[in-house]
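Colleague: Here's a sequence, model it:
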Amino acid sequence: MGSAQPVPETSTAPEGELSGDDAAATLRRVGWKGLLKDSIDRYRKGDGSSSARALGYQLALTTIPLVIAVVGLASVVHADTFSKALQETILSLAPGQGSDVLKDALKSGGQGGAGGVLALIFGLVTALVSLAIAMSQVERGANRIYGMEVDRETKERYGKGATLGVTAGLPALIGFMVLVAGRATVEAFGEAYGWSDWAITTLTWLRWPFGALLCWLSLTVIFEKAPRRIQPSKTWLAYGAGLALALWLVFSGLLALYVTLSSGFGQLYGPLTGVIALLLWAQFTSIALFFGLAFAAQLEFVRSTSHRLVRASAEK
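Modeller: As a prediction, this is how the structure comes out:
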């Protein structure tokens, strides 16, 4: 913990705010291979694995109650068609016998009257609290990766975590779900509302740029606001956020293939298959996020180090 090589805080003068052009120039000069290798070392020394495990657990705790809250909301406002389509989407994504567990959970959320109201309230409150804790864990992990031992004060950390969770964490989670469940969602809603084949096909393809852009922008905001330090501009941090998104897409694709093609996965976990798949997905998501942060931190460290060396040489 805390053994990562420290990164000097970005100054506003005389160097000015680091931008995407600075990041691109640094990448061209250093090269991806060496930078990725050093980023892996920073991730390891900054105890990124422990941070990813803690964040993955919180993301799983956020996703399930949030889904139940949305189903409860649809029930409360009597959007029965919407609620049914949403439940069909969720169940279609559950591998093996995992749908049995989700059926019981969604049944309580889909009930009208008091049951739907309780599902909405408790699901939403639980999801928001878990999301705030998740964002505070992002701060703790980001600080270690950037080489800082001291976090924000508890009140400030959780307050900022709650704000960041609503403004960036929730949109990122929605973007992830659009990419993961976009096809199943469009097909379920298309069948429920009688959409044309052209509309279903168009929306199925549009989910890719929309979901990727939403994730990318949200991750960039998280990268900027989470660490307890002065960060470069969003255009600089977008490189690390883009790498995190690319890794997440690869991890999610490989996980989906494994769960789909491996008959032993469902047989091994039985009714818990859906829960285990969610935990694995959340874990891989967290690894991708913290490695993206490590990449952004190492890129800034290389840029700052070389700038100081050049300036020292010029002064001599």
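Colleague: Report how many residues lie close to Pro65.
Modeller: Residues lying near Pro65 (other Cβ atoms under 10 Å) number 23. Using the backbone N, CA and C atoms, a C-beta is placed for each residue, glycine as well.
Colleague: Specify the local secondary structure of it.
Modeller: For Pro65, the secondary structure call by DSSP: H, G, I helix; E, B strand; the rest coil comes out as helix.
Colleague: Does it touch Leu128 like I think?
Modeller: No: counting by Cβ atoms under 8 Å, Pro65 does not reach Leu128; the two are 9.1 Å apart.
Colleague: the helices in the stretch 1-150 of the chain, which residues?
Modeller: Assigned by DSSP state H, counting those that start in this stretch, the helices in the stretch 1-150 of the chain fall at 20-30, 32-45, 48-76, 80-93, 98-110, 113-145.
Colleague: What helix or strand is the closest residue to Val180 other than its chain neighbours located in?
Modeller: Leaving aside its sequence neighbours, Val180 sits nearest to Ser252 (Cβ to Cβ, 6 or more residues apart in numbering; 6.3 Å). According to DSSP states H and E, Ser252 maps onto helix 234-261.
Colleague: tell me what the helix or strand following that helix is packed against?
Modeller: Next helix or strand after helix 234-261 toward the C-terminus (DSSP H and E): helix 263-269. Applying 3 or more Cβ pairs under 8 Å, 6 or more residues apart in numbering; DSSP states H and E, we find helix 263-269 packed against helix 234-261, helix 273-315.
Colleague: Single out the most deeply packed of these.
Modeller: helix 273-315 (a mean of 20; mean count of other Cβ atoms under 10 Å).
Colleague: could the helices and strands packed on helix 263-269 be laid out in JSON lines, adding distance to Ser196 and mean pLDDT?
Modeller: What follows is these, written out as JSON lines (distance: least, Cβ to Cβ, whole Å; pLDDT from 0 to 100):
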{"stretch": "helix 234-261", "distance to Ser196": "28", "mean pLDDT": "90"}
{"stretch": "helix 273-315", "distance to Ser196": "32", "mean pLDDT": "81"}
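Colleague: now those helices as JSON lines including distance to Ala119?
Modeller: As requested, those are exported to JSON lines (distance: least, Cβ to Cβ, whole Å):
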{"stretch": "helix 234-261", "distance to Ala119": "27"}
{"stretch": "helix 273-315", "distance to Ala119": "18"}
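Colleague: The ones you listed: which one's closest to Leu118?
Modeller: helix 273-315 (22.0 Å; Cβ to Cβ).
Colleague: Does anything pack onto the closest one? Which helices or strands?
Modeller: Against helix 273-315 (3+ Cβ pairs under 8 Å, 6+ apart) you get helix 20-30, helix 32-45, helix 48-76, helix 98-110, helix 113-145, helix 197-225, helix 234-261, helix 263-269.
Colleague: which one of those lies closest to Glu300?
Modeller: helix 234-261 (7.4 Å).
Colleague: tell me what the closest one is packed against?
Modeller: Using 3+ Cβ pairs under 8 Å, 6+ apart: helix 234-261 touches helix 20-30, helix 170-193, helix 197-225, helix 263-269, helix 273-315.
Colleague: Just send the ones you listed back as a markdown table, with distance to Arg42 too.
Modeller: A markdown table is the format used below for these (distance: least, Cβ to Cβ, whole Å):
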| stretch | distance to Arg42 |
| --- | --- |
| helix 20-30 | 14 |
| helix 170-193 | 22 |
| helix 197-225 | 14 |
| helix 263-269 | 33 |
| helix 273-315 | 5 |
